[in-house]
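> how would this look folded up:
(2 chains)
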Amino acid sequence: MLKFSLFRTINYALMLFIATSLAYFMASAFLNPRSNYVNQNPTPPPEAIDAALSAANMNDKTPLLERYWTWLQNVVLSWNWGLSPEGASINGEMARRMLVSTQLVFLATFLSIIIGVGLGIWAAIHHYKLRDRIINVFSVASMVMPVFVLALLIVLVAVSFNDTIGITAFYVTGLSESGVNGFFPSLLDWLRHITLPTIAMTGAGWYFYHQTQRTYLLDTMNADYVRTARAKGLEKSKAIRRHALRPSLIPTATGVAFSITTIFTGAVFIEQIFAIPGLGQYFIQTINQNNVNGAVAVAAFGGACTLAGALLADIVIAWLDPRIRIN
Amino acid sequence: MTNTSTASTPVIEQDARTKQRPMSKRRLVLRRFIRNVPADIGVVIFTLLVLLAVFGPYISPWEYDELDFMSLTEPPSAEHWLGTDVAGADMFALAVRGLGKSLMIGVIASLGTSVIAAIVGTSIAYFRGWVERVGMWLIDMLLAIPSFLLLAMIVSAFGSGANGWLALTFALMIFGWFGYARVLRSMTLSLREREYVQAAKYMGVPSAKVITRHLIPNLGSILIIQFVLGVVVSVLAETGLSFLGFGIQPPDTSLGVLIQEGSGTLLTAPWMLLVPMALLVALTFSMTLIGDGLRDALDPTSQSGGKA
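Numbers count the residues shown, from 1 in each chain, chains lettered A, B, ... in the order given. Below is the predicted model:
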């Protein structure tokens, strides 16, 4: 088991390295930090522009591979993700925002899995009955509704709700108010801020788990070994719990890793709409400001989240299915 | 003489065929699809949306880039059917134009991703060995980075200008196929063991021909479903990018651009937001219903539509 986990970890680390390098080359090719200065009025002298860009390791007059090598050395040797074109440290910005985004992504992923898998199992047991059909309607609705549409509708409803009851029960911007002290007031303040974004992200993410879990549980429920168990007199709920559920969780676990990407992408929209100072909002800023190093750092963080999810999924699958451990 | 014979023979053949043989697969699938009520609703909504996108500009009294300075941010009225935006542009004209653009980008991009995914997915399964291992590893790696972020970078560089939408469509193709290729490869795993594929291989049929003649056509039903559901994914990606300001740039418009503009006046002028939102959801919803209906109709083991 340990050897298996170690092998997968090395594999994912290599994947992350190549993916991040790819992101670096793409960001360098498509973002143009020089235009930040050229568009300024008055335009700074060319020497000054070159000096500023070289300081941030973004000068397009330096060969790309040389810039890449400098960047790579900084990241690997001193965990320094570089500077923005204006000379601000990427590490500082990332550290502050990472915590914010992780809260959002973790909460939404956790709730999506609980709600989605739970409803998926329930729907599969009662498949093609009214209950299943009703859940399916909600599932399809959440699938076709883009996360930003859902979020804007939630803002619309929340604002009119606040107006109706006369106090601001739920905030639609930011993640905390200034001037709140003490543990319980802070906790309440946090809840009042994070509820709406979390509802929006969970609402856009749970359908995936519902659909996979329902499909695969239906498959295994009709498998021969489950029928045998039923024929031997095991009651239906016990047969499902003991024999059908476990193998049906495997595809869902595989899906967790890939759905983290979706949830992370959703966070970009949610942070923009709810004005939350997280990584998603930072990513939009980095592109608009041609901040090559910042954009790469966000992409790397997104990749790291996905691969951490994939590793976790591998371990869960190996635990669910002993045959995998042997291979 | 020749005219009558050519006109009458097909009719006879058609009759004879239906009498002698059981229902052809195509007719079976069509019948199962038609009997599926949600799928029919999907087709009706989608057809209406396409008609609106194609003929809407002709029935609208306003052009999408025509500004009516006498009515800024006005609610729906007889003059402006769906109201106007802050600059005085007619919402109906804008929405129709945006719908057409989003639809076009979605369909073209989904077609492209389906073709790329079919070729890559079947090829890496057919060649086996190190091609398959390296290919799968690369696909998994590409799936790891949020491709939306990379898309945003590319589109921000090329998205502006008159042909910005073409660059966007192309970028959506390049970054949309990873997941599909993965699915198609696992579908090919059992297909590649079939006798006719093995026979073709050992008779010396070139690999490219085996793939295009035996593997891809046998995945046809999955490809059709993926194409339809891929339209949803592409439309969502396009509107998402445009919403964030990276996709289609004003003065041109798409549903994402309209939603982005409408979100600024969420409370004062909700029609600016609700009109494009309703169209977007109608579009993705109808395509999803069609895709699900196709899946049920093409899948011989599905029981959701009753027995055929």
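> Find the helix or strand that the residue most central in space within chain A is a member of.
The centroid of chain A falls nearest to residue A:264 when counting by CA atoms, centre = their mean (2.3 Å). Using DSSP states H and E, residue A:264 sits within helix A:245-273.
> dump the residue contacts of residue 142.
In the absence of a named chain, this looks at chain A. A:150, A:203, A:204, A:206, A:207 (CB atoms under 8 Å, 6 or more residues apart in numbering or on different chains). No exception for glycine: its C-beta is placed from N, CA and C like everyone else's.
> To clarify, I was referring to chain B.
Counted by CB under 8 Å, 6+ apart, residue B:142 has contacts A:19, B:178.
> Need the pLDDT of residue A:312.
For residue A:312, the pLDDT comes out at 85.
> Helix, strand, or coil at the residue positioned nearest the centre of chain B?
Central residue of chain B (CA atoms, centre = their mean): residue B:231, 2.1 Å from the mean position. Using DSSP: H, G, I helix; E, B strand; the rest coil, the structure places residue B:231 in helix.
> From chain A, how far off is it?
Using CB to the nearest CB, to the nearest Å, one gets 11 Å for the distance from residue B:231 to chain A.
> And residue B:297, by the same measure?
Distance from residue B:297 to chain A, by CB to the nearest CB: 17 Å.
> so where is chain A shaky, pLDDT-wise?
Residues of chain A that meet the criterion pLDDT under 70 lie in A:324-327.
> What are the boundaries of the strands in it?
For chain A, applying DSSP state E gives no strands.
> Check the stretch 1-150 of chain B too.
Counting by DSSP state E, counting those that start in this stretch, the stretch 1-150 of chain B has no strands to list.
> what residues does it put near chain A?
Neighbours of chain A within the stretch 1-150 of chain B, by CB under 8 Å from any CB of the partner chain: B:137, B:140, B:141, B:142, B:143, B:144, B:145, B:146, B:147, B:148, B:149, B:150.
> Out of these, which sit inside helices?
B:137, B:140, B:141, B:142, B:143, B:144, B:147, B:148, B:149, B:150 (DSSP state H).
> Could you rank those residues by neighbour count and give me the top one?
Using other CB atoms under 10 Å in any protein chain shown as the neighbour criterion, residue B:144 leads these with 28 neighbours.
> dump the residue contacts of it.
A:12, A:15, A:16, A:19, A:261, A:303, A:306, A:307, A:310.
> out of those residues, which touch chain B?
Within those, those near chain B by CB under 8 Å from any CB are A:12, A:15, A:16, A:19, A:261, A:303, A:306, A:307, A:310.
> ok, the second one touching residue B:143?
No - here residue A:15 lies out of contact with residue B:143, judged by CB atoms under 8 Å, at a distance of 9.6 Å.
> Show me which residues of stretch B:207-222 are buried.
The neighbour-count check on stretch B:207-222 (16 or more other CB atoms under 10 Å in any protein chain shown) flags B:210, B:211, B:214, B:215, B:216, B:218, B:219, B:221, B:222 as buried.
> er, stretch A:43-58 actually
A:49, A:50, A:52, A:53, A:56, A:57, A:58.
> backbone phi and psi for the last one, please?
Spelled out, it's residue A:58. Dihedral pair for residue A:58: phi -130, psi 20, per degrees, to the nearest 10.
> contacting residues for the residue nearest to it when sequence neighbours are not counted?
Excluding the flanking residues, the one nearest residue A:58 by CB to CB, 6 or more residues apart in numbering or on different chains is residue A:33, at 4.6 Å. Counting by CB under 8 Å, 6+ apart, residue A:33 touches A:53, A:56, A:58, A:60, A:85, A:290, A:291, A:292.
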